[in-house]
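> Need coordinates for the below:
(2 chains)
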Amino acid sequence: MSSAAPVSRSFRAEIVENSSRGNSFKLLAVTPLTGTISPEPGQFYMLQAADSYDPLLKRPFSIFESAGEQLKFLYRIRGKGTLSLSRLKEGARITIIGPLGNSYPDPQGDFIAVAGGVGIASLFPLLSKHAGKAHLFYGARNSDELVFATESGTLVKGISIATDDGSAGEKGFITEHLRHCLGALPGPAHRLPVYACGPTPMLKAVAQMAHERGLSCYVSLEEHMACGIGACLGCMVKTVSGQKRVCKEGPVFEAGDVVW
Amino acid sequence: MVNLSVKIGSLALKNPVMTASGTFGYGEEYAEFFDLNELGAIVVKGLSVTPRQGNPTPRIVETPAGMLNAIGLQNIGIKAFIQDKLPFLRRFATPVIANFFGDTINEYVRAAEELSAAGGVHALEMNISCPNKQAGWIVFGTDPKTMEQVVSAVRKTTSLPLIVKLSPNVTDIGCMARVAEQCGADAVSVINTLTGMVVDIKKRRPVLANATGGLSGPAIRPIAVRMVWEVYKAVKIPVIGMGGIMTARDALEFFIAGARAIAVGTANFINPVAPVEIRNGIAEFLREEGLSDINDIVGSLSITPKT
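This next block holds a predicted model:
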């Protein structure tokens, strides 16, 4: 990276890694070709999916890790865009916009993190930044989709795992496990703030649980978006204070603000 | 030195690259990516007299080389635009074109009045792709009679340059352009989005919450170029071309087909600096071709058979 290069949220980057993690996840590492802005945990980037107009739109991905000059993204192959992205080889160049959106507010001490599936991608930098402070509840469909559980485990105070099929950790939803454990956490743990990222039904359940116990709770939301910078109004979410853009006022919202 | 300046009625643009309404917000989001003074004009998101909440999500779905949107004309309303957004836009030496719409003729007239009186709005672009509530949901821009009524009424209201944004969802767009011209429009924008639908085959339901949406992006470009050409032949007023312009090469097709200016829309979502790259590319092409003025290429399309 040249120090004289202009710093912009729109930049080109070279792919240095695009490797498989389990059957359906991949880890993409890129080196920006110009100066970039350092991301905060919870922020995201819009990544060019292909070198053609089909798919046309960039795709939003949470920052997974920002190490030195490299930016890393953990993603699940779900549709046309992520499939195209998964085929890009080392050395290929793509355009990126970011970092975008807001970030998780810094926890003042210990906190609870709840990750559902690929939601770990958004929470991982928060666990990293506040190493040794989190109780992590990590749920996935099965053990294969429980990526970076070992690495996450080294960053936290404790980790609880649940899978839908019981192939790792407890059998069932992580929210059920969280409900069971909340009362059993040591000391003042029942007052810890909760940070969650995962499927909407999971976030809704976590928000409800936090509300019942009077815990502060922050959720990272996902919506279809075209631009990622607040212009298209494609990604609106209903909040108690009106509609908000997930890409601009979010993706992190106070759970109590969201109209579920 | 290549001349890129063009005139749209009495409105002088330093270059012919505008932003398409609904793809550029009110300019603020893009000011972080480039100097808005680089633009020929800023066309802001469509405004109505009262704020609109728009449609439920999902509002966006991707299509082959395009996208469907059903934002539902969500906007902050003209009053908030004048108070909160115009002061920012006035800082730039780039004309501001306010796109506006209404459900009734009276709403169009009120919107035009308020925007004309605001100061800092240099031209108006009428979106006539909305259903007319009073006329039983006939879309203003697809029925020549309702279109005549609304354009004439707005023309009497404002002395600002008036641009009518035509709907492509008609049989004869040249005919609609002539109606706009006869009613006193200073220019026409060609084209608005095409109505489309994407179906979720598992759920047997439309993907968009609104069922249908407006198709934009490179997928519609050949249709837009054809319609610009038809409109160019039908009217004397300037044509502003738009529809899937991603690169300077795309833009040049529109100029050759008859556009005096062009607007960049969906490309803004994918590449926030697209308008500047397109402007630079146009200048470069003219230099390469030995041309000194963008106006020389407007309508230069030849369709006579090769001999």
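> Excluding chain neighbours, give the residue nearest to residue B:39 in space.
Leaving aside its sequence neighbours, residue B:39 sits nearest to residue B:94 (CB to CB, 6 or more residues apart in numbering or on different chains; 5.0 Å). For glycine as for every other residue, the C-beta is placed from the backbone atoms N, C-alpha and C.
> Ok, residue A:202 next?
residue A:116 is the one closest to residue A:202 (CB to CB, 6+ apart), at 4.2 Å.
> In contact with that neighbour, which residues?
Applying CB atoms under 8 Å, 6 or more residues apart in numbering or on different chains, one finds that residue A:116 lies in contact with A:139-140, A:174, A:196-199, A:202-203.
> Let me have those residues in CSV, adding pLDDT and secondary structure as columns.
Below are these laid out as CSV (pLDDT from 0 to 100; DSSP: H, G, I helix; E, B strand; the rest coil):
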residue, pLDDT, secondary structure
A:139, 95, strand
A:140, 95, strand
A:174, 93, helix
A:196, 98, strand
A:197, 98, strand
A:198, 97, coil
A:199, 96, coil
A:202, 96, helix
A:203, 97, helix
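> Buried subset of these, written for ChimeraX?
Buried members of the contacts of residue A:116, defined by 16 or more other CB atoms under 10 Å in any protein chain shown, are picked up in ChimeraX with:
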select /A:139,140,174,196,197,198,202,203
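> of all the contacts of residue A:116, which two lie farthest apart?
Spanning the widest gap among the contacts of residue A:116 are A:140 and A:203, at 15.3 Å by CB to CB.
> doesn't residue B:225 make contact with residue B:254?
Yes. Using CB atoms under 8 Å, residue B:254 is in contact with residue B:225, at 6.1 Å.
> near chain A, which residues of the stretch 201-307 of chain B?
Contact residues (CB under 8 Å from any CB of the partner chain) of the stretch 201-307 of chain B with chain A: B:217-218, B:246, B:266, B:268-273.
> what is the mean pLDDT for stretch B:237-252?
For stretch B:237-252, mean pLDDT rounds to 98.
> my read: residue B:92 touches residue B:36, true?
Yes. Using CB under 8 Å, residue B:92 is in contact with residue B:36, at 4.6 Å.
> which neighbours do these two share?
Shared contacts of residue B:92 and residue B:36, counting by CB under 8 Å, 6+ apart, come down to B:27, B:42.
> Neighbour count for the two, which is higher?
Between residue B:92 and residue B:36, residue B:36 has the larger neighbour count (other CB atoms under 10 Å in any protein chain shown), namely 22 against 16.
> and residue B:291, how many neighbours does it have?
Neighbours of residue B:291 using other CB under 10 Å come to 15.
> three-state assignment of it?
coil (DSSP: H, G, I helix; E, B strand; the rest coil).
> how much space is there between the nearest residue to it once chain neighbours are set aside and residue B:196?
The shortest distance from residue B:291 to any non-neighbouring residue, by CB to CB, 6+ apart, is to residue B:297 (6.3 Å). When distances are taken as CB to CB, to the nearest Å, residue B:297 and residue B:196 turn out to be 32 Å apart.
> Repeat that for residue B:209.
Applying CB to CB to residue B:209 and residue B:196 gives a distance of 15 Å.
> More neighbours: which of these two?
A count of neighbours by other CB under 10 Å puts residue B:196 above the other of residue B:209 and residue B:196, at 20 against 14.
> show me what contacts that one?
So residue B:196 contacts B:63, B:68, B:212-215 (CB under 8 Å, 6+ apart).
> can you rerun that using 6 Å?
Taking CB atoms under 6 Å, 6 or more residues apart in numbering or on different chains as the contact definition, residue B:196 lies against B:68, B:215.
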